[in-house]
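model this:
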Amino acid sequence: MKKGIIFLLLLLSGMAETLVAQRIKEKEQVKPERVINIDFNKTAGQLNTMFNECVGAGRANEGLRADWQQQLAYVKKECGFRYIRMHGLLTDDMAVYTVDDKGNPVYNYMYIDVLFDFLQSIGMKPFVELGFMPSALASGAKTIFWWRGNVTPPKDYEKWAGLVKDLTRHFTERYGADEVKTWYFEVWNEPNLDGFWAGTQEDYFKLYTYSANAIKSINPSYRVGGPGTAGAAWEPEMIAYCNKHQVPIDFISTHAYGVKQGYLDEFGRSGTVLDKNPMSISSEVLESRKEITTSAMPQLELHYTEWSASYTPADPIHDSYHEAAFVLQKLKQVGKAANSMSYWVFTDIFEEPGPRFTPFHGGFGMLNIQGINKPVLYAYQFMNRLGNVELTNNDFSSWVCKDSLGNIQALAWDFTNTHPGDSVHNQQYYIRDLPSASKGKLQISIANVPDGTYALEIYKVGYRSNDAYSTYLSLGKPAQLTREQVSQIKRQNDGSPVSREIITVKGKERFFKELQMHENDVFFLNLIKL
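Alright, predicted model coming up:
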């Protein structure tokens, strides 16, 4: 009997411990609610749209391709980009510069005209990058990329200035001074990297001086700047140089990427690691703005003419659903510090390492070569759909806006850096199937919504939701896609709403919506007044 009582007590004790452990585990699994509280009548001012001011492209000659042009027209329509920047405007494949038998310059702008006329036809403007060096003007034979952009200084700076001046005059004659005043002229690309510039910093400043004076000689109102460096370099030096020597400058430009290790890794062979610093990229932008503000030329604009999660066109994070949330998080953190943040690039039609052989190879683009939307395209599409008035919002990972018709838009996301750290490269991690863990409930509550009937559309990007790469994985990662497979991937990731409903708001009641949030989910809510 005594043994039975002891056994029963031990059994009850064990059950109690199990229940306590189970409750602790359940408590740990309960995710905190994230609440976004908004008042329809409290506004933060006009929405800052620096996010779609400019977008990048690989090189100018690619812009003569029909598929490139079709994709750019589509991205312009969906994302609203106003400017485009690209390399190689002056390289030999654009047939801009040669010399006659006596060594006199011969200029030709037929290819540039085709490209820029197309940009005009779809309502875009060039962010003109002056580079690389025409071989007939180059001081050496050093080149970069599969398409051999010459990166040496000019052998004759006066002739370089003559080319820049004549090109600027041509733009003025063809498009009109009022139009060209709205453009930007950036001198060279990443001259602080040996791969992109065979000269010194002093040589670059000389190139900049000749270029800026040539442009301003045609029209003092034309905007010119630089140095277009990698890693936010040379900014104070550039400002100090121009201030000291009275060289015209209207903006500072530079680049930043969100991975650790070096630069200029065309094939991703060295491996990249997504930086765990929660302020990667954005801290550089904020520091750049501070350097300008505290300089002798505090009025200068700041343009990040390249940025992305990774600097290599062989990084699978570009294809991953993680990229969409990453981009939104960084743009939100930057705020008004930059005048533009030009995503590098809009398409995988991009041949720095040469033509690519697989449909998803970690290319920079928002679209792959076959025109399949990647998750990051939807991030930009959602931002472009926000109304022009931003509502006051204390949440750090969302925008809530309204427009003149009384429609309301809410864009909210979770960015969680799930990368395991330095032990694994992006090239091994982001090629995997990466299910997302729960982040709990997201509640969006908006007070003082005007009475009426509304159509509520909810869009989503996340794991297996507008996640073309996961669909590609489910097809077995074919090296080549058939027409049917391309159609299937596009159809399953076409950006359609995940839900639609009609709701009625009465008596100034709150609009309320609860969503289940997972790691790196992006939600866009469109409340349309009927």
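
so Gly363 touches Asp348, yeah?
Yes. With contact defined as Cβ atoms under 8 Å, Gly363 and Asp348 form a contacting pair (3.6 Å). C-beta coordinates here come from the backbone N, C-alpha and C atoms, glycine included.

Could you look up the SS state of Ala240?
The local conformation at Ala240, judged by DSSP: H, G, I helix; E, B strand; the rest coil, is helix.

List the contacts of Glu62.
By Cβ atoms under 8 Å, 6 or more residues apart in numbering, the contact set of Glu62 is 68, 86, 349-351.

Return the subset of those residues lying in helices.
Trp68 (DSSP state H).

before we move on, the earlier item: which neighbours do Gly363 and Asp348 share?
Joint contacts of Gly363 and Asp348 (Cβ under 8 Å, 6+ apart) are 313, 356, 369.

Mind putting those residues into TSV with distance to Asn394?
Shown next, in TSV, are these (distance: Cβ to Cβ, whole Å):
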residue	distance to Asn394
Pro313	38
Arg356	43
Ile369	42
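
ok, and the most crowded of those?
With neighbours defined as other Cβ atoms under 10 Å, the most crowded of those is Pro313; it has 25 neighbours.

Count residues in the vicinity of the closest residue to Val376 other than its chain neighbours, would you?
Distance criterion Cβ to Cβ, 6 or more residues apart in numbering; nearest residue to Val376, sequence neighbours excluded, is Glu323 at 4.5 Å. Neighbourhood size, Glu323 [other Cβ under 10 Å]: 27.

Could I get the buried residue list for the host helix or strand of Glu323?
Using DSSP states H and E, Glu323 falls within helix 322-334. The neighbour-count check on helix 322-334 (16 or more other Cβ atoms under 10 Å) flags 322-334 as buried.

do stretch 204-220 as well
Neighbour count says stretch 204-220 has 204-212, 214-216, 218 buried, by 16+ other Cβ under 10 Å.

Closest one of those to Gln261?
Tyr204 (24.4 Å; Cβ to Cβ).

my guess is the closest one contacts Ala233, does it?
No. Counting by Cβ under 8 Å, Ala233 is not a contact partner of Tyr204; they are 11.1 Å apart.

and for these two, which residues touch both?
With Cβ under 8 Å, 6+ apart as the test, Tyr204 and Ala233 both reach Pro227.

so what's Lys155 up against?
137-139.

any idea how far it is from Ser139?
4 Å (Cβ to Cβ, to the nearest Å).

What's the ChimeraX syntax to select whichever of the contacts of Glu62 are buried?
Listed next is the ChimeraX selection for buried residues among the contacts of Glu62, using 16+ other Cβ under 10 Å:
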select :68,86,349,350,351
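
State the distance from the closest residue to Asn243 other than its chain neighbours to Pro316.
Residue nearest to Asn243 in three dimensions, not counting chain neighbours: Ala296, with 4.4 Å by Cβ to Cβ, 6+ apart. Distance, Ala296 to Pro316, by Cβ to Cβ: 44 Å.

Equivalent analysis for Lys332, please.
24 Å.

ditto for Thr482
22 Å.

what about these two, which has more around it?
Pro316 (24 against 10).

pLDDT score for the closest residue to that one other than its chain neighbours?
Distances taken as Cβ to Cβ, 6+ apart place Tyr430 nearest to Pro316, at 3.8 Å, with adjacent residues excluded. With respect to pLDDT, Tyr430 scores 97.

Isn't Tyr430 up against Ala314?
No. Applying Cβ under 8 Å as the test, Tyr430 and Ala314 come out as separate, 11.3 Å apart.

Can you give the domain ranges for this structure?
31-45+392-529, 48-388 (automatic domain parsing).

Of the ones you listed, which stretch is the most buried?
Counting by mean count of other Cβ atoms under 10 Å, domain 48-388 has the highest mean neighbour count of the domains of the chain, with a mean of 20.

all strands in the stretch 301-450 of the chain, in order from the N-terminus.
301-308, 340-343, 389-391, 398-402, 408-413, 438-447 (DSSP state E, counting those that start in this stretch).

Turn those strands into CSV, columns for distance to Arg82 and mean pLDDT.
CSV is the format used below for the strands of the stretch 301-450 of the chain (distance: least, Cβ to Cβ, whole Å; pLDDT from 0 to 100):
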stretch, distance to Arg82, mean pLDDT
strand 301-308, 12, 98
strand 340-343, 9, 98
strand 389-391, 19, 98
strand 398-402, 19, 98
strand 408-413, 20, 98
strand 438-447, 30, 96
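
Quick one: closest of those to Gly149.
strand 301-308 (15.2 Å).

which stretches of the chain aren't confidently modelled?
1-32, 262-264 (pLDDT under 70).

Nearest to the spatial middle of it, which residue is it?
Among the residues of the chain, the one closest to the centroid is Tyr343, at 2.6 Å (Cα atoms, centre = their mean).

quick one: contacts for that residue?
55-56, 307-308, 327, 366, 376, 380.
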